[in-house]
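starting from these lines, generate the structure:
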Amino acid sequence: MVDLPFQSAVQLAGAIRAKKIGCRELLELYLKRVERFNPKINAIIATDLPAARKRADAADAALARGEVWGPFHGVPMTIKESYDVVGMPTTWGMPQLKENFPQRNALAVDRLLAAGVVLFGKTNVPLLLSDWQSFNAVYGTTNNPWDLSRSPGGSSGGSAAALAAGLTGIEAGSDIGASIRNPAHYCGVWGHKPTFGIVPTRGQALPGTYAASDISVVGPMTRSAEDLGPALDAMAGPDEIEGAGWRLELPAPRKKRLSEYRVALMLTDRNAEVDRAVQDCLQRLGDYLAKAGAQVSDKARPDIDTDEAQRIYIRMLRAATSGRQSAEVFARNLEIARGLAEDDDSYFARMTRANVLYHRDWLAANQTRHRMRLAWAEFFKEYDLLLCPAAASAAFPHDQKGERHERTITINGKQVPTTDQLFWAGYSCLFYLPATVAPAGQTPEGLPVGVQIVGPQYGDRTTIDFARHLERDFRAFVPPPGYA
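The predicted model follows:
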């Protein structure tokens, strides 16, 4: 069995219920690890230790009375900085929000507390959650525990780094552009991007924001696939305003063993070439599945044009985030957009036009999206899952110069824009599909590689169960060296 700090949240909760360790004792164990390892990683950037110790003591007292709060009773937890938590600031990396202390928890936070967690801290993010790195002017830079010179991913980079280094028992992130999936891939942990709309996002938003955003979701991040199911169960279900009329009933997993699955394997795409080291890991997984008896196709795809899918994703993604612009920034982007050449199809041009999109044009894009959603639904009548990369490369070196769209990463010896790999974010989330990232191997440099497991809408239990089979039969969690 792995060392206690690296065990799954389910295992930790089991040890607590079996009286092998106390809730306060486990919290102090993690806090000592935070004191020892966090300074070089900078994953956990805010804490409320008096409240956490009080809750841990209460959890011990409850257990002594025979009360179990939920599946994660007494498990220490940190959470992405963008979630509102009473007693800790919510800044989204913005210096002007350093004193923003919310008066109520995010709904997902309350639900996780009801499941028994002991929430003790928050983890780092990029400015406005808009990067696959995690640095900002408020809290500085978070490093990848596998290689401190590299990014842990983003925007839930602090979440993934804290899990990988054994600084917390369980985490939760958010995802509109692979912000759960990318860090899970970079840090060698699990992350689940739920079907759009099944987990309320209330309280995971900038001040004054109440309505849910298109595409955006919140979901669990863990050190084991076995934690994803109970964590999703805790977080999912209608908000109060919708709960009067509907309830969530996710279908059971489609199959019982790997040999029964029909999967499509996608290694690369012309919109976002994938580094050979990542492709090799996913190909080894495909070969393993085929040998185990699964039906594996490297040709099967939904009947959609990936060029069109990428174009519509960028348009709808940047339309979804356009509300973050101040009036001055919007006016400036409107002027820039009007000055773009008609044939300018660069990422910057696509982004800028989407930032000032007319609603009529958004409606047209949504019609295109829905047509492609129907094509995905047809695909899943024949195949259970599609396996693909979460990103174009393993974790890349820190690069904080200029704007995100101006930076590059190395793919197969070539420098390509970092924003190209947004394709692997949008290939599932634009269409509201669930996707689970699970560890799939390591590059020759020893960096983690994850596989993105995409399922049909509301097929969350299938993608999670498939990840559970992979953890048991193919690859379990591997801690980064140096964190024992």
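
right, and L206 touches G93 too?
No. Using CB atoms under 8 Å, L206 is not in contact with G93, being 11.1 Å away. Yep, even glycine has a C-beta here, placed from its N, CA and C like the rest.

next, the buried residues of the helix or strand encompassing A364.
Following DSSP states H and E, one finds A364 within helix 359-382. By neighbour count on 16 or more other CB atoms under 10 Å, the buried set for helix 359-382 is W362, A365, N366, T368, R369, M372, R373, A375, W376, F379, F380.

adding pLDDT and distance to L334, write these out as TSV.
What follows is the buried residues of helix 359-382, written out as TSV (pLDDT from 0 to 100; distance: CB to CB, whole Å):
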residue	pLDDT	distance to L334
W362	98	15
A365	98	18
N366	98	22
T368	98	24
R369	98	24
M372	98	29
R373	98	30
A375	98	34
W376	98	34
F379	98	38
F380	98	40
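
include distance to L282 when you put those into JSON lines, please.
Listed next are the buried residues of helix 359-382 as JSON lines, based on distance: CB to CB, whole Å:
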{"residue": "W362", "distance to L282": "34"}
{"residue": "A365", "distance to L282": "30"}
{"residue": "N366", "distance to L282": "31"}
{"residue": "T368", "distance to L282": "28"}
{"residue": "R369", "distance to L282": "26"}
{"residue": "M372", "distance to L282": "23"}
{"residue": "R373", "distance to L282": "25"}
{"residue": "A375", "distance to L282": "23"}
{"residue": "W376", "distance to L282": "20"}
{"residue": "F379", "distance to L282": "19"}
{"residue": "F380", "distance to L282": "20"}
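
in those, find the pair that's most separated.
W362 and F380 (26.3 Å; CB to CB).

per-residue confidence for I215?
In this model, I215 is scored at 98, pLDDT.

wait, what's in contact with it?
By CB atoms under 8 Å, 6 or more residues apart in numbering, I215 lies in contact with I176, F196, M316, L317, A320, C429, L430, Y432.

buried among those? Make that a PyMOL selection.
Applying 16+ other CB under 10 Å to the contacts of I215, the buried members can be selected in PyMOL as follows:
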select buried, resi 176+196+316+317+320+429+430+432
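
so which of the contacts of I215 comes closest to G153?
I176 (14.1 Å).

next one, pLDDT for the closest one please.
98.

got it, and V2?
77.

can you check A234 too?
Confidence score, pLDDT, at A234: 98.

use 613 as the first number from now on
Yes, from this point I'll number from 613; that puts the last item at A846.

so which elements touch the host helix or strand of it?
Using DSSP H and E, A846 sits within helix 837-847. On a contact count with 3 or more CB pairs under 8 Å, 6 or more residues apart in numbering; DSSP states H and E, helix 837-847 meets helix 621-629, helix 719-726, strand 802-805, strand 829-834, strand 1047-1054, helix 1072-1085.

so which elements touch the first one?
In other words, helix 621-629. Checking 3+ CB pairs under 8 Å, 6+ apart, helix 621-629 ends up next to helix 635-653, helix 661-676, helix 837-847.

ok, T754 - how many residues close by?
33 (other CB atoms under 10 Å).

same question for A671.
Other residues close to A671 by other CB under 10 Å number 25.

ok, it - contacts?
A671 touches I628, C635, R636, W681, H685, G686, G728, V730, counting by CB under 8 Å, 6+ apart.

tell me the SS of the fourth one?
Secondary structure, DSSP: H, G, I helix; E, B strand; the rest coil: W681 is coil.

centre of the chain to the helix holding A976, how far?
Relative to its chain's centre, helix 971-994 lies at 23 Å (CA atoms, centre = their mean, to the nearest Å).

just stretch 693-710 next, same as before
Using CA atoms, centre = their mean, the offset of stretch 693-710 from its chain centre is 19 Å.

mind listing residues that contact it?
So stretch 693-710 is contacted by 657-660, 663, 691, 711-718, 720-721, 731, 733-741, 748-751, 767, 770, 784, 786, 815-819, 830 (CB under 8 Å, 6+ apart).

filter the residues you listed down to the ones in helices?
A663, A720, V721, G770 (DSSP state H).

need the residues you listed in CSV (columns: distance to C799 and pLDDT).
Below are those laid out as CSV (distance: CB to CB, whole Å; pLDDT from 0 to 100):
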residue, distance to C799, pLDDT
A663, 27, 98
A720, 21, 98
V721, 22, 98
G770, 10, 98
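
just give me the closest of those to A912.
Distances from A912 to the ones in helices among the contacts of stretch 693-710, taken by CB to CB, are shortest for A720, at 34.8 Å.

correct me if wrong: the closest one contacts V811.
Yes. Contact criterion CB under 8 Å: A720 and V811 qualify, at 6.6 Å.

list residues touching both of the two?
V830, M847.

can you pull up the most central residue in this protein?
I792 (0.9 Å; CA atoms, centre = their mean).

residue contacts, it?
Counted by CB under 8 Å, 6+ apart, I792 has contacts S768, G785, S786, G803, H804, K805, G831, M833, V1049.

may I ask which two of those residues are separated the most?
So, the contacts of I792 by CB to CB: farthest apart are S786 and V1049, at 14.3 Å.

re the thing from before, now the contacts of A671 as CSV including distance to P914?
Conversion of those to CSV gives the following (distance: CB to CB, whole Å):
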residue, distance to P914
I628, 44
C635, 46
R636, 50
W681, 42
H685, 42
G686, 43
G728, 39
V730, 42
